[in-house]
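>>> Prediction below, plus the sequence it came from.
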Amino acid sequence: MVRIVYLGSPDFAVPPLSALAAAGYEIAAVVTQPDKPRSRGRLQPTPVKQKALELGIPVLTPQRIKTAESVAALRALAPELMIVVAYGQILSREILQIPQLGAVNIHASLLPAYRGAAPIHWAIRNGEKESGVTLMYLDEGMDTGDMICSAAVPIAAEETTGELHDRLCALGTELLLATLPQIASGTAPRMAQQEALASYAPLLKKEHELVDWQCTAQALHDQIRGMDPWPGTYTFYAGKRLKLWQSRLLPPPPDALATAAPGEVAAVGPAGIWVRCGDGLLCLQQLQPEGKTRMDAAAFLRGNSIQPGDKLG
């Protein structure tokens, strides 16, 4: 079987690695990001490193993959193919030229749409109705290489980033295993991306988490579900940060405050807390007060005297 070096870091990259090992492929080594400090300064390995160690596969954790030392280590492994899944560093031309079959990547979007680091988050945040995975050959650009194949899935109206992540992860793993025989024999197709259709999914920043109540209710609903389970969205209530985890576009009770301004609570009830947005009302159903855990709206209301007319933000 083809000799593989596997590069990946987060949870999304674990199932393909496990599937390759289970299918009997020769994995010469796994390359992943270095351990990072977590609580109390303890170093935490990446999910891919943990899985590789379980499988008994050698692991490399270079701080920078492009150094002469890292390139030499990769060359010494003599891979015929590199498989890259959310590794976290750009590979140089020198590295890409090491395996004779090239480097293949699973990307969680329908390229050339949503190139970049956070395609699942941005697809949901932008209210897309469809997403998918693309299997592609890597080049020196950011997700610009030739495509091998892709598969699409619909995005449900209430689906979160975490839920779509899991579905795309499974789909990408299936696509990789089904296509690997062609890749290994050098007969896999290569389709150039259409640059005119390209869009980008940049890294998430702190400002992407803050809710702007001037936006439409649909846009805010998409923002909240698009940032779940990480990093979440937030607003402010009574001078403290209030994280928002779940919302719904539900009709308010008949006595909802008709004159509420954006960010103002219009109604409270068993179903949630309705807040005025730029064009209507959004029902908040799961919240997290500062220093506490997630809770449903009913639990939040029991501990807080929030009422129509109160202001968020």
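Thanks, I have the structure now.

>>> drop to CA atoms for contacts and neighbour counts, all remaining ones
Noted.

>>> so how many other residues sit close to the closest residue in space to C149 that isn't next to it in sequence?
Using CA to CA, 6 or more residues apart in numbering and skipping residues adjacent in sequence, the residue nearest C149 is L135, 5.4 Å away. When neighbours are defined as other CA atoms under 10 Å, L135 has 25 of them.

>>> and the host helix or strand of L135, C-alpha only, in CSV?
L135 is located in strand 130-137, with elements delineated by DSSP states H and E. Taking C-alpha atoms only, strand 130-137 is exported to CSV below (Å, rounded to 0.1, in the frame of the first residue of the first chain):
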residue,chain,number,x,y,z
GLU,A,130,-25.7,24.1,1.5
SER,A,131,-22.1,23.1,2.4
GLY,A,132,-19.9,20.1,1.7
VAL,A,133,-16.4,18.8,1.5
THR,A,134,-13.8,19.0,-1.2
LEU,A,135,-10.8,16.7,-1.8
MET,A,136,-8.0,18.6,-3.4
TYR,A,137,-4.3,18.6,-4.2
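
>>> pLDDT weak spots in the stretch 201-313 of the chain?
The stretch 201-313 of the chain contains no residues with pLDDT under 70.

>>> what sits against the residue nearest to C149?
Taking CA atoms under 8 Å, 6 or more residues apart in numbering, we find L135 in contact with V104, N105, I106, H107, M147, I148, C149, S150, G172, L175, L176.

>>> Now the buried members of those residues.
V104, N105, I106, H107, M147, I148, C149, S150, G172, L175, L176 (16 or more other CA atoms under 10 Å).

>>> Could you export these as a markdown table, including distance to E264, pLDDT and secondary structure?
What follows is the buried ones among the contacts of L135, written out as a markdown table (distance: CA to CA, whole Å; pLDDT from 0 to 100; DSSP: H, G, I helix; E, B strand; the rest coil):
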| residue | distance to E264 | pLDDT | secondary structure |
| --- | --- | --- | --- |
| V104 | 49 | 98 | strand |
| N105 | 46 | 98 | strand |
| I106 | 43 | 98 | strand |
| H107 | 40 | 98 | strand |
| M147 | 48 | 98 | strand |
| I148 | 50 | 98 | strand |
| C149 | 48 | 98 | strand |
| S150 | 44 | 98 | strand |
| G172 | 43 | 98 | helix |
| L175 | 47 | 98 | helix |
| L176 | 49 | 98 | helix |
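
>>> So which of the residues you listed is the closest to R93?
Relative to R93, the closest of these is V104; by CA to CA it sits at 13.8 Å.

>>> Show me what that closest one bridges to in the sheet.
On the basis of DSSP bridges, V104 is bridged to I83, Y137.

>>> so it touches M136, yeah?
Yes - between V104 and M136 there is a contact under CA atoms under 8 Å: 5.6 Å.
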